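Visitor: please work out how this folds:
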Amino acid sequence: MKKEMTVFDGHCDTILRCYERGGGIARNGGHLDLERMEAYGHYAQFFAIFADRTTRPGMPLHQVFREEYDLFRRELEKNRDRVVLCRTGGQVEEAWRGGRSAALLSAEGAELLDCSTELLEEAHGLGVRAVNLTWNHANALSGSNAEERDRGLSAQGRAFVDKMERLGMLVDVSHLSDRGFWDVAQRLNGPFFASHSNARALCPDARNLTDEMFTAIIEHNGVAGLNVYAGFLGDDPDVDTVIAHLEHFLDLGGEKNVSLGGDWDGCSQLPRGLTGIQELDRLYERLLQRNYSTALLDAVFNQNLMRVVNEVCTM
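Guide: Numbering: from 1, shown residues only. The predicted structure follows:
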């Protein structure tokens with residue numbers, strides 16, 4: 001039986017899971033697959049292409065990126081009657097009208113593109129519509145949340161952000177250094193997003209957003225995606241802990257600026273009560289029990305991220 005919810009999630013690492021472990025997107029033992037996506041009324045997912053130096057030692061990261069991309073395109077072709085790669089919000093809605101789920105692509109860490117605007121343009125042509133400027137490792141564009149935390153955007157980083165804006169690609173500040181975040185906020189006029197980052201006020205990890213950062217995202221009409229990795233939620237988290245992060249952002253005025261960014265298949269431990277996307281309805285029902293309106297829940301579960309994609313990813 002269909003769960004009458006529309007879900008648009010900003011981050012998963014399911015491509016890497018398939019690349020490293022085998023299997024496919026139709027059905028697997030991870031956090032997310034097509035079978036579980038199809039249990040909802042409509043589902044859209046940003047699939048991240050991700051690798052670090054340990055993924056294929058000795059292989060250039062841009063080559064790993066292309067191998068993962070090719071794998072994902074093969075998976076999409078195998079399942080073309082069930083899911084389609086989308087580049088715009090309009091294409092997402094067209095997929096839903098046709099009874100299919102929607103897949104969008106992101107690159108987690110610009111080092112996958114050699115921090116090159118030429119490879120960025122090539123990735124755009126392949127369908128990538130969002131890029132994390134860094135993962136945990138600092139790169140030529142900026143420091144990260146874990147390395148060179150005091151370093152912001154370099155001249156190369158500023159040129160990369162400018163190119164993303166011209167191409168209509170979402171700048172993703174999850175994993176970025178604090179100074180890098182503020183450089184992005186100062187440089188961009190339109191929306192950017194933190195695809196999978198929580199509230200630092202509730203869990204003081206550098207991967208999470210300060211209140212001032214979230215306020216800047218509001219001012220840019222962007223979104224922050226709630227991350228369900230236990231390590232970014234707090235001690236012994238459960239579904240109510242996820243809700244606490246949501247409520248903190250709402251208290252800051254973020255009704256139009258909170259979305260979902262589960263980090264599915266990219267984290268080792270989920271909060272009690274969640275084992276994968278099949279239990280997102282538990283979060284939804286718990287919020288209904290707390291007298292949240294269906295309009296607000298639709299904004300968080302779908303419309304807020306859809307609005308940002310519609311505004312930025314226009315071609």
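Visitor: count of residues packed around residue 187?
Guide: Summarising burial for residue 187: neighbours were counted as other C-beta atoms under 10 Å, giving 15. C-beta coordinates here come from the backbone N, C-alpha and C atoms, glycine included.
Visitor: pLDDT score for it?
Guide: According to the prediction, residue 187 has pLDDT 98.
Visitor: contacts only, for the closest residue to it other than its chain neighbours.
Guide: By the measure of C-beta to C-beta, 6 or more residues apart in numbering, the closest residue to residue 187 outside its immediate chain neighbours is residue 161, 5.5 Å from it. Listed by C-beta atoms under 8 Å, 6 or more residues apart in numbering, the contact set of residue 161 reads 133, 153, 171, 184, 187-188.
Visitor: just the closest of the residues you listed to residue 82, please.
Guide: Taking C-beta to C-beta as the measure, residue 82 sits nearest to residue 171 out of those, at 30.2 Å.
Visitor: any idea which element that closest one lies in?
Guide: strand 170-172 (DSSP states H and E).
Visitor: doesn't residue 15 make contact with residue 266?
Guide: No: Residue 266 is not in contact with residue 15 according to C-beta atoms under 8 Å; the separation is 10.2 Å.
Visitor: overlap in contacts of the two?
Guide: 48, 50.
Visitor: what about these two, which has more around it?
Guide: Ranked by neighbour count (other C-beta under 10 Å), residue 266 and residue 15 place residue 15 first, with 24 against 20.
Visitor: which element is the more buried one on?
Guide: Taking DSSP H and E as the definition, residue 15 sits inside helix 14-21.
Visitor: off-centre distance for whatever helix or strand comes next after that helix?
Guide: Next in sequence after helix 14-21, counting helices and strands by DSSP H and E, comes helix 34-37. In terms of C-alpha atoms, centre = their mean, to the nearest Å, the gap separating the centre of helix 34-37 from the centre of its chain is 18 Å.
Visitor: give me the three-state assignment for residue 246.
Guide: What DSSP: H, G, I helix; E, B strand; the rest coil gives for residue 246 is helix.
Visitor: that older thread, what helices or strands is the strand holding residue 171 leaning on?
Guide: Under the contact criterion of 3 or more C-beta pairs under 8 Å, 6 or more residues apart in numbering; DSSP states H and E, the helices and strands touching strand 170-172 comprise strand 101-108, strand 128-132, helix 155-167, strand 193-194, helix 304-312.
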